[in-house]
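**Q** one predicted model, sequence on top.
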Amino acid sequence: MKKFLLILALSNALFSLNQKIKSLQADFEQTIQDNQIIYQGKMYIQSSNLAKWEYLTPLKKEIYIIQDTLISYEPNLSQVTFTPIKQQLDFLSIIQHAKQDPQNPNLYFSTINQTLYRLHTSEGIPTTLQYQDTLGNEVLIKLKNVKINPTFPKNFFDFTPPKGVDVIKE
């Protein structure tokens, strides 16, 4: 669930840091240092409540945020999980008030649920997000090939569970 909340937080952060950003597409690399696990994939964000993350390695996984529902599709498990986003933590409002480092204009700090997030930018484009998870692991998400304000097909964020998969509703 922590990963999903982070996805929601990052989605909101990208839209509030620079008001010119209306949508975003990027490749990402997520590293959890203590476990030395590296996740790679692609992210597509239309708004703070419409996003798609495709994990490509080490295992394929798709995560969708559609309004107040988080959908996690794990093809290797033949499983789809629908999770209501119960806590409206108002990430957008918190990130909009993120503090820019006075000594580094490309660094922003924000605290959400007692977790400090460090967002690095280059020329107004997000490049990395760092934080420490509840287990004390340092997490780093690097963004590459960032496209600002791409357009997505109308049904790009639609998700229909494939036939034969287990559907779990939490």
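**A** On my side now, so go ahead.
**Q** low-confidence ranges in this structure?
**A** 1-21, 86-98 (pLDDT under 70).
**Q** all strands of it, in order?
**A** Counting by DSSP state E, one finds strands in the chain at the ranges 24-32, 37-47, 50-57, 61-66, 69-74, 79-84, 99-101, 104-112, 115-122, 125-132, 138-148, 166-169.
**Q** export the ones you listed to JSON lines and tack on distance to K154?
**A** (Each C-beta comes from the backbone N, C-alpha and C, glycine too.) Converted to JSON lines, the strands of the chain look like this (distance: least, C-beta to C-beta, whole Å):
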{"stretch": "strand 24-32", "distance to K154": "16"}
{"stretch": "strand 37-47", "distance to K154": "11"}
{"stretch": "strand 50-57", "distance to K154": "12"}
{"stretch": "strand 61-66", "distance to K154": "14"}
{"stretch": "strand 69-74", "distance to K154": "18"}
{"stretch": "strand 79-84", "distance to K154": "22"}
{"stretch": "strand 99-101", "distance to K154": "36"}
{"stretch": "strand 104-112", "distance to K154": "32"}
{"stretch": "strand 115-122", "distance to K154": "30"}
{"stretch": "strand 125-132", "distance to K154": "26"}
{"stretch": "strand 138-148", "distance to K154": "18"}
{"stretch": "strand 166-169", "distance to K154": "24"}
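**Q** make a markdown table out of those and add mean neighbour count and distance to F156.
**A** Formatted as a markdown table, the entries for the strands of the chain read as follows, by neighbours: other C-beta atoms under 10 Å; distance: least, C-beta to C-beta, whole Å:
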| stretch | mean neighbour count | distance to F156 |
| --- | --- | --- |
| strand 24-32 | 19 | 10 |
| strand 37-47 | 18 | 7 |
| strand 50-57 | 18 | 7 |
| strand 61-66 | 20 | 10 |
| strand 69-74 | 18 | 14 |
| strand 79-84 | 16 | 18 |
| strand 99-101 | 12 | 32 |
| strand 104-112 | 15 | 27 |
| strand 115-122 | 17 | 25 |
| strand 125-132 | 18 | 21 |
| strand 138-148 | 16 | 14 |
| strand 166-169 | 10 | 22 |
